[in-house]
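Asks: next come a sequence and a model predicted from it.
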Amino acid sequence: MKIGEAQKAYREQLSFLRGQRSDYVKQQEENRKKMEEVGKNNTSPGVTLELSKQYMERDKELQEKIEELSGQIKKDEKGLDALIEQEVGIFNSVASEQQADAMKKYFQDMIKCMEIARRISKGDKVPAQDEKRLMDYDMDLYQMAHNMAAFNMDEKHKEWDSLWADEEETEYEDPEEVAANAEAAVGAPEGVVVEGASQETGSEE
């Protein structure tokens, strides 16, 4: 099961359980109000005692259900927290790798731009796309290189291929999408079956 699928299942289950608990809490409040009314309208001690006993038993029954639901909610909240923690960890890992890769590429491009400026300053011919790269990187450096080229007009010049000729544009995956589609370390909530979801999960703590 993927993290995104598991989180959705947990959130839906928690919403359902909290709704159930809320209903039982309201029933308990109404039951206690009726129990108080019976105590106030004490017309027949025997009847009052019997009704009070019924209301107390009902109160105990409702309290047990509320506590059971609260326990399940707490368990599912822990499962959801674990999934969120896993998702954030994967997101941060992917984002960090991409940032490191982007920084590495930036320095590689910087070195290439410096080499292009050196070639231009010698009066050599470089491809238009390389000139544009240098212009985008540093217009002052580009103009300085061309100014220096005027002093090397009589030198022997070379024609260069592009330094980016064989380089493909790097496409990065969305870290959020990668994290959501990673295999969840926590299974679905107890009693919940997620249709179409992979059931392979990591070990549950």
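Replies: Thanks, I have the structure now.
Asks: okay, now the unreliable bits of this structure?
Replies: 39, 41-48, 166-169, 194-205 (pLDDT under 70).
Asks: longest single helix anywhere in it?
Replies: Secondary structure of the chain per DSSP state H: the longest helix is helix 45-121.
Asks: that one packs against which elements?
Replies: In terms of contacts (3 or more Cβ pairs under 8 Å, 6 or more residues apart in numbering; DSSP states H and E), helix 45-121 is packed against helix 3-40, helix 128-137, helix 139-149, helix 175-180. All C-beta atoms are positioned from the backbone trio N, CA, C, and that covers glycine.
Asks: check the offset of it from the chain's centre.
Replies: Distance, stretch centre to chain centre, for helix 45-121: 8 Å (Cα atoms, centre = their mean, to the nearest Å).
Asks: next, the buried residues of stretch 181-194.
Replies: Using 16 or more other Cβ atoms under 10 Å as the test for burial, stretch 181-194 gives 182, 184-189, 194.
Asks: and if you look at stretch 88-95?
Replies: By 16+ other Cβ under 10 Å, the buried positions in stretch 88-95 come out as 90-91, 94-95.
Asks: check contacts around residue 84.
Replies: When contacts are counted by Cβ atoms under 8 Å, 6 or more residues apart in numbering, residue 84 is found next to residue 7.
Asks: any idea how far residue 178 is from it?
Replies: In this view, residue 84 and residue 178 are 15 Å apart by Cβ to Cβ, to the nearest Å.
Asks: which residues sit against stretch 174-184?
Replies: Contacts for stretch 174-184 (Cβ under 8 Å, 6+ apart): 1-7, 83, 86-88, 90-92, 94-95, 98, 198, 200-202.
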